[in-house]
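[1] Dropping the sequence and predicted coords here.
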Amino acid sequence: MDAIATEASQVRLLEERAKQRDLERRPTPAEAEAAVRTLIRWAGDDPAREGLLDTPARVVRSYAEFFSGYSEDPNEILSRTFEEVEGYDDWIMLRDIRLESHCEHHMLPIIGVAHIAYIPKGRVVGISKLARVVEVFAKRLQTQETLTAQIASAIQDGLQAVGVAVLIEARHECMTTRGVHKPDVDMITSRMTGAFKSDPRLEERFLNMLRKR
Ligand SMILES: [Zn+2]
């Protein structure tokens, strides 16, 4: 009886492991292309029609670009800092960083801009790196709230900054081209950490810099 019970639990364990491996395994491009052909058929068209023949391969290549952020590490991007800034200890701000992401609910584009300010603690990072951090998180399936929080945390932790402010203004195509069909609506999210959170004057100054555009 015990032997049978043990055997059954071993089988279950092996099944669970196989399932886990299947979840972890990245589909091949051919498998991803087959999925696109299914979606074309679901839309009501014929994937074998001439104009659509190369579409699955193009879609799969586009996905590799849209979602390239999964294979990148923001900590690595922020690891190359420099100190020779003549004791500069005021904030550094980047305004209107173009943002292209995809919502995790509909996989439709989120297009907008991100604004970032941080107060360094001795070490600063090249400004293009901040834009790269935005890109790493944007090129994943996202909600705007999560995206905003992830960018702020990565800069806060990566640079051990005195404070970080992130504000994102974006349009969600799942709102403009489907569902409620409301174009021209901007969603605004913000996340303040450290000094930007504890000192309302800093937050105010940050928001003022954005109004002055
Ligand atoms: Zn959506």
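    Yep, it's here.
[2] Residue 206 contacts residue 117, doesn't it?
    Yes. Contact criterion CB atoms under 8 Å: residue 206 and residue 117 qualify, at 5.3 Å. Yep, even glycine has a C-beta here, placed from its N, CA and C like the rest.
[3] for the protein, which helix is longest?
    helix 2-24 (DSSP state H).
[4] For that one, list every residue counted as buried.
    Neighbour counts over helix 2-24 (16 or more other CB atoms under 10 Å) mark no residue as buried.
[5] same thing with stretch 126-142?
    129-142.
[6] State the mean pLDDT of that stretch.
    Averaged across stretch 126-142, the pLDDT comes to 95.
[7] wait, does that stretch contact the ion?
    No. For stretch 126-142, no contact with the ion is found by CB under 5 Å from the ion; the gap never falls below 9.7 Å.
[8] do you know how far residue 5 is from residue 16?
    17 Å (CB to CB, to the nearest Å).
[9] can you give me the helices for this structure?
    2-24, 29-43, 55-66, 74-77, 127-138, 144-159, 173-176, 194-198, 200-211.
[10] and the longest helix of the chain, how far from the chain's centre?
    35 Å (CA atoms, centre = their mean, to the nearest Å).
[11] Provide the contact partners of the helix or strand bottoming out on mean pLDDT in the chain at residue level.
    Within the chain, no helix or strand scores below strand 81-82, which has a mean of 77 by mean pLDDT, DSSP states H and E. If you take CB atoms under 8 Å, 6 or more residues apart in numbering as the criterion, strand 81-82 is touched by 123-126, 159.
[12] who has more neighbours, residue 206 and residue 117?
    Using other CB atoms under 10 Å, the more surrounded residue of residue 206 and residue 117 is residue 117, with 25 against 21.
[13] Tell me if I'm right that the more buried one and residue 164 touch.
    Yes. Look at residue 117 against residue 164 with CB under 8 Å: they come within range, at 7.3 Å.
[14] tell me, what's touching those two both at once?
    Common neighbours of residue 117 and residue 164, counting by CB under 8 Å, 6+ apart, are residue 196.
[15] tell me, what's touching residue 206 and residue 117 both at once?
    91, 93, 165, 196.
[16] quick one: which of those residues is nearest the ion?
    residue 165 (25.6 Å; CB to the ion).
[17] Distance of that closest one relative to residue 195?
    9 Å.
[18] same deal with residue 203?
    9 Å.
[19] okay, now the domains of the chain?
    The chain is divided into the following domains under automatic domain parsing: 2-66, 72-211.
[20] Rounded mean pLDDT for the first one, please.
    Read it as domain 2-66. Domain 2-66 comes out at a mean pLDDT of 91.
[21] The chain against the ion: which residues are in contact?
    103, 105-106, 174.
[22] Just the buried ones from those?
    Buried among the residues of the chain next to the ion by 16+ other CB under 10 Å: 103, 106, 174.
[23] of all these, which comes closest to residue 64?
    The closest of these to residue 64 turns out to be residue 103 (CB to CB; 18.7 Å).
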